[in-house]
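Asks: whatever this is, show me its structure:
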Amino acid sequence: MAKEKDEILAAKAAGGDRRSFEDLVNRHRESVYRLARSITGTHDDADDAAQETFIRLYRSLSSYDPKRPFVPWLRRVAYNTSLNVLRASKRRWKETSDELLPTVADTSHGPEDVLQTREAGKLLQEAVEGLSSELKATFMLRASEGMSYRDIASVTGVRMGTVMSRLSRAREKILQSIEPIVMGGDW
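Replies: Numbers count the residues shown, from 1 in each chain. Coordinates of the predicted model:
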């Protein structure tokens with residue numbers, strides 16, 4: 001039996017078909033979690049955001065238009081929910097894992113080089129932590145999720161020019177945060 005399209009499952013779920021909703025959750029659980037993790041930075045916050053995303057999805061299925069693509073709609077719900085969790089979180093980014101941030105190449109030949117690489121990674125993490133939630137989310141969707149500008153615009157509900165502007169401002173702020181230390185050699 002062929003796999004039913006998301007739009008059909010969503011329409012059935014809106015009509016009360018619990019199995020169709022479960023199929024949607026099972027089908028999109030991992031991608032919603034990954035998106036939430038890239039925005040919130042922690043497993044716990046991402047888990048909360050993913051659960052809240054599916055609760056919101058269930059509650060709003062009656063407003064979903066099955067003639068429109070389901071996945072962009074779901075991603076928008078996940079993005080907005082993740083931003084809300086990020087804003088509300090008191091432990092913002094304490095458990096950021098190495099794979100979420102671009103890594104600094106390790107060309108070490110000794111203990112001093114290893115220490116410098118670790119410090120550079122910590123500086124980068126602190127710089128990303130210092131961004132506003134919108135800049136951080138946009139930056140992480142690009143850096144962690146590898147989304148195109150068009151996809152980020154679709155998920156965030158802003159124009160592509162705004163995405164490019166946010167990415168540019170995020171990169172500029174990150175560079176401003178780490179430049180005095182890197183350029184000054186104050187490692």
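Asks: and stretch 147-158, how far out from the chain middle?
Replies: A distance of 11 Å separates the centroid of the chain from that of stretch 147-158, by CA atoms, centre = their mean, to the nearest Å.
Asks: then stretch 20-28?
Replies: Counting by CA atoms, centre = their mean, stretch 20-28 comes out at 20 Å from the chain centroid.
Asks: tell me the mean pLDDT for it?
Replies: For stretch 20-28, mean pLDDT is 95.
Asks: which of the residues in that stretch are buried?
Replies: Within stretch 20-28, the residues scored as buried using 16 or more other CB atoms under 10 Å are 20-21, 23-25, 27-28. Where you see a C-beta, it was placed from the backbone N, CA and C, and this is true even at glycine.
Asks: likewise for stretch 46-63?
Replies: Buried-residue list, stretch 46-63, by 16+ other CB under 10 Å: 46, 48-54, 57, 61.
Asks: pull the contacting residues for R76.
Replies: With contact set as CB atoms under 8 Å, 6 or more residues apart in numbering, R76 has these partners: 154-157.
Asks: can you check H28 too?
Replies: Contacts of H28 (CB under 8 Å, 6+ apart): 6, 71, 74.
Asks: closest to T42 out of the buried residues of stretch 20-28?
Replies: Nearest to T42 among the buried residues of stretch 20-28 is H28, at 20.6 Å by CB to CB.
Asks: who wins for neighbours among the contacts of R76?
Replies: With neighbours defined as other CB atoms under 10 Å, the most crowded of the contacts of R76 is V155; it has 25 neighbours.
Asks: the helix or strand harbouring that residue: what's the following helix or strand?
Replies: Taking DSSP states H and E as the definition, V155 sits inside helix 149-156. Remark: after helix 149-156, the chain's next helix or strand is helix 160-184, criterion DSSP H and E.
Asks: what residues sit buried inside that next one?
Replies: 162-163, 166-167, 169-170, 173-174, 177.
Asks: where does the protein have low pLDDT?
Replies: Low-confidence segments of the chain, defined by pLDDT under 70: 1-2, 90-118, 120, 180-187.
Asks: residue ranges for the helices of this structure, please.
Replies: For the chain, the helices defined by DSSP state H occupy 6-14, 18-40, 43-60, 70-88, 111-129, 133-143, 149-156, 160-184.
Asks: re the thing from before, what's the closest of the buried residues of stretch 20-28 to S38?
Replies: Using CB to CB, H28 is the member of the buried residues of stretch 20-28 that lies nearest S38, at 15.2 Å.
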